[in-house]
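K.L.:
I'd like to go over a predicted model; first the sequence, then the structure.
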Amino acid sequence: MTKPLTASDSREQMSIVIVGHVDHGKSTVVGRLFADTGSLPEGKLEAVRKECARTGKPFEYAFLLDALTDEQDQGITIDTARSFFKTAKRDYIIIDAPGHIEFLKNMISGAARAEAAVLVIDAKEGVRENSRRHGYLLSMLGVRKIIVAVNKMDLAGRDETHFQKIEAEFRAFLKRIGAPDPEQFIPISALTGENLALRSREMAWYRGPTLLEALDRFEKAPAKTDCPLRFPVQAIYKFVSEGDDRRIVAGRIESGRVKVGDRVVFSPSNKSSTIKSIEAFNAPSRQTIEVGWSTGFTLTEEIYITRGELMSHEAVPPLVSTRFRANMIWLGKKPFEKDKDYKLKIHTQAVPVRLLEIKKVVDASDAGRVMDRRQVNRHDVADVVLETRQPIAFDDIAQGEATARFVLVDGYDIAGGGIIISAERDDQEEFRAEARLRDFHWIKGGVTSEERTNKFGHRAALVMFVGKSGVGKHRFARALESSLFQEGHASYMLDSTNVLLGVDSDMIWAQSTQQELVRRFAEVAHLLLDAGLLVVSTTNAIGLGDVAAVQALIPDFPVLAVEISPDNGGLSSADLRMTGQEPDSDAAQHVVSLLRRRKIVNPG
Amino acid sequence: MNHLDQLEQQSVYIFREAFRHFERLCMLWSIGKDSTVLLWLARKAFFGHVPFPLVHIDTSYKLPEMITYRDKLALEYKLTMIVGQNVDAIKAGRTFPATQHLPEGHPDKVSRLECCGLLKKDALANTLNGVWPRQKLNLSTGRYEIDPDRAPYHGVIVGARADEEGSRSKERYFSPRDKNSAWDVGEQPPEFWNQFKTDFAPGTHVRIHPFWIGRNSIFGNTSNGKISPRCSSITTRDRGPATEVWDAGLANRPFRVPPKMSTILSWNLKAENSKTSPSDLDDCKMASMGWKNCAAKDM
């Protein structure tokens, strides 16, 4: 895309966030930066001075930023007001983050999109609760370029030893919690304008850069063009009604680049295809596209994929698991607890998630003391293991950013967020690895799955009836197979006994071989699914807990669990529950409805 | 990728998230430059299509060229074009300055702000919630017909920019409003990285701001007192009357005025804003812009 640019379009921009404890002078720092860089509109400083004179308030630079009536009434900056100042090098977009603890979530919203940070500490008050908390959060949010401005030096006698004491204390704290070392500590006085834009004569002992010089020394992070391709699928668009038959996989490239003709794989489904075209409205056609673009692709072979899958090249696929270790902060009014369902949102994926284990809770407000807790309370920072109901594709924070950052939703609200440190082992790890190897190297026939879907009028799927022996699974399975077949669908009942009799006849039926029985059953089912069938199974032989294992081996087709249980059952992930008392035809109809809702068979 | 491209990519991303999360989604189109750029970006997001209705509130005091332009574009782009209006107030003549000859205290006498409340705020609210009838453009006949669809819109895409005034910089990409369209600034949801609040209690009304990113560079900043080269009559506030309405065609080069800190400039507007509790409808800017524009048709 080429556009004519004016001179100022080409100026570099950097977004910075100003954080720190309440009343440590953040807004004054910002006001000063504006005034001293000549970034204020003509006459405005005077206007504010006049307004102050009129209302009898002493003039403060902080007033320049207080745009909201709400905020002025309370005398604190509520949200991340955004504004701009410029140096010879670049334009700075300032996100003035609030220091008041109640507004921590706003600070996060601001800091999460900042490239660099200035953390302000009052020289007189010293390191306080939110100095520490914000220091920790900057590290967690991925802000690596940090300057610590020790403000109000004029009130602390401009004393070098005092400054050094604060620097030593705060460096030690950051080291203790594993946060990166700040670039620079600078003694400043925002009120008198010392060491912001202009060097302080009164603090000649300080020989480092002024705040502006230090900011200008930061280099923009290089674009992640040379990193592995990560393209979270945001949506699949087909605007047929408007005479457009392109099937476009839409999303934003979070890292790397991709070109027409590249073979691409999708995780966690392991499906693969080749980039046919790069789509854009009102733009010249292009052969290659890279990080940052909200774009769309058509594929040579149309495959069934959904939002939340991660497109990559085959050589460097993302991690896939149901478990991962994470650093997180909790903002919810109610604590974050075990045995409760939350929603995890990571890139474009949203899945149910539970808190599996708390490794430690760090009390950021108290010098990084580690506490033993059973829950994560509001404003706590914690090291945890989370478990999702279905496997998801992601990266750890060392490999990715957008694909390693998540939020937690409690009810309707975002109540927490964090970064993934590492994937954790879960029970299906080997099966998942097997499936990935198999699917990436699968030899495809001449008939595509899309063609089969069109011919049969439905997608392939596995419906597993699970439950104790004798509850009616077999009866329901047969009824469902017939019912689907009568409606013109290609259905097939796969009883696990049949797999045992043939495929497994070489095996001694013992507990030690249970995993292998599951594996063989799933691989047989997978072949039938690849043939485009609706497979209905009963699995007395392989039991209830193995649905997850079967799902791990069949990531590329829907696997639905129907639990038959006279009482409430015990399978939290069941897609449908029945008592076994239902008439066969009703039972079959319930499942058909489910298949319609999931758009596996035609909803109409 | 230059920074304009970056802004555009983010807007496109927000559009797609909005389309994903709201079944009852619409976009406000004032025919002004901001919302017309928004329309263009929607077409970028959806590869040439606009898969949701556009809603325009017609005060009947618009310059006729705007209406012509609206319908021309709607037909050309095959838009689902919805128009709402406070028919009763207009029929009854309860507008400004038409009622200024009435004595002080007369029940039908409406001030400029009341007029805007009736023709814009009320019309918008009642069009969005489906209480008042909606007119829909029939793309084959080019005529407006009563839209049988009266279901409320829950997601409303608006062209508000973070740099327009202080309070707008406090918005989110997805900003919930309660039933009374009220907005609790202190209780804004957090937005981590690119994860937005997209879960809402049933019936919540959500404003979506694809421009919120708040770098005032797509349009330049009109609040520094300089008139932008185009659509100036619609965007300059607290200044003189409308003198020109320019074609908001987008084929030409983007322009940009060096950014200024607009929050400061909103200082003087605060009193007025707090009274009107302005909606994000771009039109509403006309309210504070000066009555002369509203009266243009009367003269």
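P.N.:
Structure's in. What do you need?
K.L.:
just the helices in the stretch 1-150 of chain B please.
P.N.:
Using DSSP state H, counting those that start in this stretch, the helices of the stretch 1-150 of chain B run over B:3-21, B:33-45, B:64-77, B:87-91, B:112-116, B:123-128.
K.L.:
right, and the ones you listed - which one's nearest residue A:332?
P.N.:
helix B:3-21 (20.8 Å; Cβ to Cβ). Placement of C-beta: from N, CA and C, glycine included.
K.L.:
I'd like to know which elements the closest one is packed against.
P.N.:
On a contact count with 3 or more Cβ pairs under 8 Å, 6 or more residues apart in numbering or on different chains; DSSP states H and E, helix B:3-21 meets strand A:231-237, strand A:248-252, strand A:294-299, helix B:33-45, strand B:155-157.
K.L.:
pLDDT of the first one, averaged?
P.N.:
By that I understand strand A:231-237. Averaged across strand A:231-237, the pLDDT comes to 97.
K.L.:
That one versus helix B:3-21: what angle between them?
P.N.:
Strand A:231-237 and helix B:3-21 are oriented at 60 degrees to each other (axes from the mean of the first three to the mean of the last three Cα atoms, to 10 degrees).
K.L.:
quick one: is strand A:231-237 near chain B?
P.N.:
Yes. Against chain B, strand A:231-237 shows contacts by Cβ under 8 Å from any Cβ of the partner chain at A:234-235, A:237.
K.L.:
and residue A:91, what does it touch?
P.N.:
A:11-14, A:84-85, B:259 (Cβ atoms under 8 Å, 6 or more residues apart in numbering or on different chains).
K.L.:
Give me the buried subset of the residues you listed.
P.N.:
Among the contacts of residue A:91, those classed as buried by 16 or more other Cβ atoms under 10 Å in any protein chain shown are A:13-14, A:84-85, B:259.
K.L.:
Run a quick neighbour tally on residue A:210.
P.N.:
Residues lying near residue A:210 (other Cβ atoms under 10 Å in any protein chain shown) number 19.
K.L.:
Would you list the phi and psi of it?
P.N.:
Backbone geometry at residue A:210, expressed as degrees, to the nearest 10, gives phi -70, psi 170.
K.L.:
wait, isn't it in contact with residue A:203?
P.N.:
No. In this structure, residue A:210 is not within contact of residue A:203 by Cβ atoms under 8 Å, at 10.7 Å.
K.L.:
Between those two, which contacts overlap?
P.N.:
Common neighbours of residue A:210 and residue A:203, using Cβ under 8 Å, 6+ apart, are residue A:195.
K.L.:
would you list the buried ones among the contacts of residue A:91 in CSV and tack on distance to residue A:578, secondary structure and pLDDT?
P.N.:
Converted to CSV, the buried ones among the contacts of residue A:91 look like this (distance: Cβ to Cβ, whole Å; DSSP: H, G, I helix; E, B strand; the rest coil; pLDDT from 0 to 100):
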residue, distance to residue A:578, secondary structure, pLDDT
A:13, 59, strand, 81
A:14, 59, strand, 88
A:84, 62, strand, 70
A:85, 65, strand, 80
B:259, 62, coil, 26
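K.L.:
Determine which two of these are furthest apart.
P.N.:
Farthest-apart pair in the buried ones among the contacts of residue A:91 is A:14 and B:259; separation 13.4 Å (Cβ to Cβ).
K.L.:
before we move on, the earlier item: relative to residue B:6, which of the buried ones among the contacts of residue A:91 is nearest.
P.N.:
For the buried ones among the contacts of residue A:91, the residue nearest residue B:6 by Cβ to Cβ is residue A:13; the value is 9.0 Å.
K.L.:
Which residue, neighbours along the chain excluded, lies closest to that closest one?
P.N.:
Closest residue to residue A:13 apart from its sequence neighbours, by Cβ to Cβ, 6 or more residues apart in numbering or on different chains: residue A:91 at 4.8 Å.
K.L.:
a strand runs through residue A:492, doesn't it?
P.N.:
Yes. Per DSSP: H, G, I helix; E, B strand; the rest coil, residue A:492 lies within a strand segment.
K.L.:
The stretch 1-150 of chain B against chain A: which residues are in contact?
P.N.:
Residues of the stretch 1-150 of chain B lying near chain A by Cβ under 8 Å from any Cβ: B:1-6, B:8-10, B:12-13, B:16-17, B:19-20, B:43-49, B:51, B:78.
K.L.:
where does the stretch 151-299 of chain B have low pLDDT?
P.N.:
B:161-171, B:178-189, B:212-299 (pLDDT under 70).
K.L.:
I should have written the stretch 101-250 of chain A there, sorry.
P.N.:
Within the stretch 101-250 of chain A, the stretches with pLDDT under 70 are A:101-103.
K.L.:
same deal with the stretch 451-600 of chain A?
P.N.:
In the predicted model, the stretch 451-600 of chain A carries pLDDT under 70 at residues A:508-512, A:540-545, A:568-572.
K.L.:
those strands in it, which residues are they?
P.N.:
For the stretch 451-600 of chain A, the strands defined by DSSP state E, counting those that start in this stretch cover A:461-466, A:491-495, A:534-538, A:559-564, A:576-578.
K.L.:
Keeping just the C-alphas, turn the fourth one into PDB.
P.N.:
Taking Å, rounded to 0.1, in the frame of the first residue of the first chain, the C-alpha atoms of strand A:559-564 are listed here in PDB:
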ATOM      1  CA  VAL A 559     -15.600 -35.000  18.700                       C
ATOM      2  CA  LEU A 560     -18.800 -34.700  20.700                       C
ATOM      3  CA  ALA A 561     -19.300 -36.600  24.000                       C
ATOM      4  CA  VAL A 562     -22.900 -37.700  24.900                       C
ATOM      5  CA  GLU A 563     -23.000 -38.900  28.400                       C
ATOM      6  CA  ILE A 564     -25.700 -41.400  29.400                       C
END
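K.L.:
tell me how far it is from the chain's mean position?
P.N.:
Its chain's C-alpha centre and that of strand A:559-564 lie 29 Å apart, by Cα atoms, centre = their mean, to the nearest Å.
K.L.:
could you say which helix or strand contains residue A:131?
P.N.:
Assigned by DSSP states H and E, residue A:131 falls within helix A:129-141.
K.L.:
and if you look at residue A:208?
P.N.:
Residue-wise, residue A:208 maps onto no helix or strand under DSSP H and E.
K.L.:
So it sits against residue A:184, correct?
P.N.:
Yes. Applying Cβ under 8 Å, one finds residue A:208 in contact with residue A:184, separated by 6.1 Å.
K.L.:
quick one: which of these two has more around it?
P.N.:
residue A:184 (19 against 11).
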